[in-house]
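Asks: missing the sequence, but the structure's below:
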C-alpha cells in the first residue's frame, strides 16, 4: 500500500514538472533581438522564450548561452 502511494506521488510530481517544461516556446533562427538600450543582438540559432517571464535565451557565435529579461528588450524577429 505504501509503495502505491509513493509511486502515485512520483507520477504526480513528474506531470507537474512536465507542465513547467511546456512553458518554453522555441522559435527557429536566425533571429534579431532589439534591446531597449538601442543595440541589436543577432543569432543564427533558434531562441527560446520562457512564457511565464518573457525571458529570451539564445546562443552567440561562440556557442555561449545568454539570457535577456523582458525588461531588457523591445522586440524580436526570427526567420529568413
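Replies: Great, that's in hand. Since this is a predicted model, take the numbers as computed values, not measurements.

Asks: lowest-scoring secondary structure element of this protein by mean pLDDT?
Replies: Lowest mean confidence among the helices and strands of the chain (mean pLDDT, DSSP states H and E): helix 2-21, at a mean of 60.

Asks: so in that sheet, which strands flank the helix or strand that comes right after it, and in what orientation?
Replies: Scanning forward in sequence from helix 2-21 by DSSP states H and E, the next helix or strand is strand 24-27. Using DSSP bridges, the strands paired with strand 24-27 in its sheet are strand 47-50 (antiparallel).

Asks: list the buried residues for the partner strand?
Replies: 47, 49, 50 (16 or more other CB atoms under 10 Å). Heads up, the C-betas are built off the backbone N, CA and C, glycines and all.

Asks: show the average pLDDT along that strand.
Replies: For strand 47-50, the mean per-residue pLDDT is 96.

Asks: kindly report the same for stretch 70-80.
Replies: pLDDT averaged over stretch 70-80 gives 93.

Asks: next: stretch 27-43.
Replies: Mean pLDDT, stretch 27-43: 96.

Asks: end to end on that stretch, go ahead and measure it.
Replies: Stretch 27-43 has an end-to-end distance of 12 Å (CA to CA, to the nearest Å).

Asks: any buried residues in that stretch, and which?
Replies: Using 16+ other CB under 10 Å as the test for burial, stretch 27-43 gives 29, 31, 33, 41, 43.

Asks: quick check: the gap between the first one and residue 42.
Replies: Going from residue 29 to residue 42 by CB to CB, to the nearest Å gives 9 Å.

Asks: direction included, what does the helix or strand hosting residue 56 pair up with?
Replies: Secondary structure assignment for residue 56, by DSSP H and E: strand 55-59. When pairing is defined by DSSP bridges, strand 55-59 lines up against strand 47-50 (antiparallel), strand 65-68 (antiparallel).

Asks: identify all contacting residues around it.
Replies: Residues outside strand 55-59 that contact it (CB atoms under 8 Å, 6 or more residues apart in numbering): 31, 33, 41, 43, 45-50, 65-70, 73, 76.

Asks: contacts only, for residue 66.
Replies: Contacts of residue 66 (CB under 8 Å, 6+ apart): 41, 57, 58, 59, 60.
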